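>>> Build me a structure from this.
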Amino acid sequence: MTRVRATAGAVALLLGLSLASTGCDQAKEAAGGIVSSATAAAASAAQEKMNEIKGGVNANGDVKAGPTSTDGNRTVAEITATNPKDKTADYTVWVNFRDPGGNLLDAVVLNIDGVDAGKSKSGTARSNRTLTGDTKAEIQQAVRH
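The predicted structure follows:
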């Protein structure tokens, strides 16, 4: 009888550990789903913002992203627009923040207004939420208008 109780106790312990582990996995999956949803929402909002621009031209070659750093609890990157034209222009830039594996972590839209002809001007892209680990800023789309 003692052996049956010990076996039953061991089985109950293993079952409890298994359920706790499964619960942990489910919590991780749920958290990952929330982050994925937030990332998808940020990318969708960025696309909508870019779609609002009328009369602009593709200017990806005019814009460069600098290295990322942290400012408070946000990831930031300096974005520089260089205006090759002969009149002042405004830039609207969609910036993606990615992890080393290329996974999208966040997306933001930045305006750099009043870039003089033949000159450069910078602005700061700031993540919408706290990002952890190494991140890289990349230009998804830039429009000169």
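>>> Just the local confidence number for E52, please.
E52 is assigned 89 on the pLDDT scale.
>>> What values do phi and psi take at the spatially closest residue to S120 that is not a sequence neighbour?
Once flanking residues are discounted, S120 sits nearest to T82: 4.3 Å by C-beta to C-beta, 6 or more residues apart in numbering. Every residue, glycine included, has its C-beta placed from N, CA and C. Backbone torsions of T82, given as degrees, to the nearest 10, read phi -110, psi 120.
>>> what about T82, distance to A45?
The gap separating T82 from A45 is 27 Å, by C-beta to C-beta, to the nearest Å.
>>> try T39
11 Å.
>>> same check, this time on D106
Where A45 is concerned, D106 sits at a distance of 11 Å (C-beta to C-beta).
>>> neighbour count winner among the two?
Using other C-beta atoms under 10 Å as the criterion, D106 and A45 rank with D106 on top: 25 against 14.
>>> who's in contact with the more buried one?
T39, A42, T75, N96, F97, S127, N128, R129, L131 (C-beta atoms under 8 Å, 6 or more residues apart in numbering).
>>> That concludes my questions; thank you for your assistance.
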